[in-house]
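Trainee: have a look at this prediction, sequence included:
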Amino acid sequence: MGLPKLYHIWVIKKPAGVCVIDAEVSEFDSGNISDGNLVGGLFSSYFSFSQKMFHEDISIFRTDSYQVSFHVEENYFIAILTDRKFPKIILRRIVSKFNEIVTKIHPEIMEEDFDGDLATYDEITEMIEEISELRGIKMAKYIRDKKKKAEKLEKIRELQDEIEKL
């Protein structure tokens, strides 16, 4: 078992349920989730049900191994598929940075009217996918460095044990 993964990010316009950003971050091995509009429609129906039934937005959908976290903005919501044990603090940082980037590049996402042109959001999808590749490289380096530090600590402990025996 490895580190918890982030698999997919969707940005879905409210209330239409149109998926404007559909970015695969890591390969997901359980089925085909490539149809962003199918996902957008499904998640929009969850939101509609939750609002009508409980007068609240849904914040998370969980299975035994995975979760989809929902982050609601005024005219859109972000859905992020992760392993169930993905750290919440990292998820919050990702959402915060993501919102900052999206609203700088495409401030019209905040507007209520949507012209239906999904191509304008392609650059954000490509950027997310590029960042995820770099993130994987950085994560591998981080793991290697951490392993080296752990090995050094183990050697130091062994030396301390030897010294105490003397």
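Mentor: Here it is on my side, so go on.
Trainee: burial check on residue 73, number of neighbours?
Mentor: The local packing count at residue 73 equals 15, with neighbours defined by other CB atoms under 10 Å. Any C-beta I mention is one placed from the backbone N, CA and C, and that applies to glycine too.
Trainee: which strand or helix spans the closest residue to it other than its chain neighbours?
Mentor: Setting aside the residues directly before and after it, residue 73 is nearest to residue 99 in space (CB to CB, 6 or more residues apart in numbering), at 6.9 Å. With elements delineated by DSSP states H and E, residue 99 resides in helix 88-105, which encompasses its position.
Trainee: point out where this protein drops to low pLDDT.
Mentor: In the predicted model, the chain carries pLDDT under 70 at residues 1, 30-34, 108-146.
Trainee: which residues of it fall in helices?
Mentor: Remark: helices of the chain, listed N- to C-terminal, are 36-54, 88-105, 122-165; assignment by DSSP state H.
Trainee: rewinding a little: which ones are touching the residue nearest to residue 73?
Mentor: 71, 73, 78 (CB atoms under 8 Å, 6 or more residues apart in numbering).
Trainee: many thanks, have a good one.
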